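[1] Coordinates for the following, if possible.
(one chain, ligands or ions: 1)
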Amino acid sequence: MQRTIILDESQKKILTNHAIKQAPAESCALLFGFQKDDTTTIKEVFLTENIENSPANFTISNDELLSGYQEAEKKGLDVVGIFHSHPFSKASPSITDKTFMTINPVVWIIFSNVDEEMNAYILESEVIPVKIKIL
Ligand SMILES: [Zn+2]
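    Numbering: from 1, shown residues only. Now for the predicted structure:
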């Protein structure tokens, strides 16, 4: 079955604005929601800081990761996705991203500042595209 991630127009706008504001560095965020069968539903976006402040990498601090997970739990949600942006390249996973996808096997949403495309992926036996559905 086709994997799908559902987010609403305002969440998409928050992520896009975050990516534009953080450029030329990569931006990042945690996505809170729930998972049912092949569908991931985003309920809340938790914007984070890229402590590397790099145009080619991103790292979320352990403190911010911890508060993100606690915040999600408080709301009865899970961290079901990771968002980051590519200021200078297409919205597809880099080799580094693929490595981190094995550590964090959630849905990864990538936004490209180049063409303003937003794509989603998940690592199963290989990296597969996830359909983004905007409500
Ligand atoms: Zn990346």
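
[2] which parts of the helix or strand of the chain with the lowest mean pLDDT are buried?
    Within the chain, no helix or strand scores below helix 95-103, which has a mean of 95 by mean pLDDT, DSSP states H and E. By neighbour count on 16 or more other CB atoms under 10 Å, the buried set for helix 95-103 is 97, 100-101. All C-beta spots, glycine's among them, are computed from the backbone N, C-alpha and C.

[3] so can I have TSV of these showing distance to the ion?
    Formatted as TSV, the buried residues of helix 95-103 follow (distance: CB to the ion, whole Å):
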residue	distance to the ion
Asp97	4
Phe100	9
Met101	10
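
[4] Closest to Gly68 out of those residues?
    Closest approach to Gly68 among the buried residues of helix 95-103 (CB to CB): Phe100, at 15.7 Å.

[5] hmm, who's touching stretch 86-100?
    With CB atoms under 8 Å, 6 or more residues apart in numbering as the test, stretch 86-100 has contacts from 19, 23-26, 55-57, 84, 101, 108, 110-115, 117-119, 121, 123, 127.

[6] Equivalent analysis for stretch 104-118, please.
    3, 5, 12, 15-16, 19-20, 23, 27, 31, 40, 79-93, 97, 101, 119-123, 130, 132.

[7] Contact distance from the ion - what residues of the chain qualify?
    Taking CB under 5 Å from the ion as the criterion, the chain approaches the ion at residues 94, 97.

[8] ok so, going back, could you turn the buried ones of the contacts of stretch 86-100 into a ChimeraX selection?
    The buried residues among the contacts of stretch 86-100 can be selected in ChimeraX (16+ other CB under 10 Å) with this line:
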select :19,25,26,55,57,84,101,108,110,111,112,113,118,119,121,123,127
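
[9] Which ones among the contacts of stretch 86-100 lie within strands?
    Among the contacts of stretch 86-100, DSSP state E puts 84, 108, 110-112, 118-119, 121, 123, 127 in strands.

[10] Many thanks, I have nothing further to ask.
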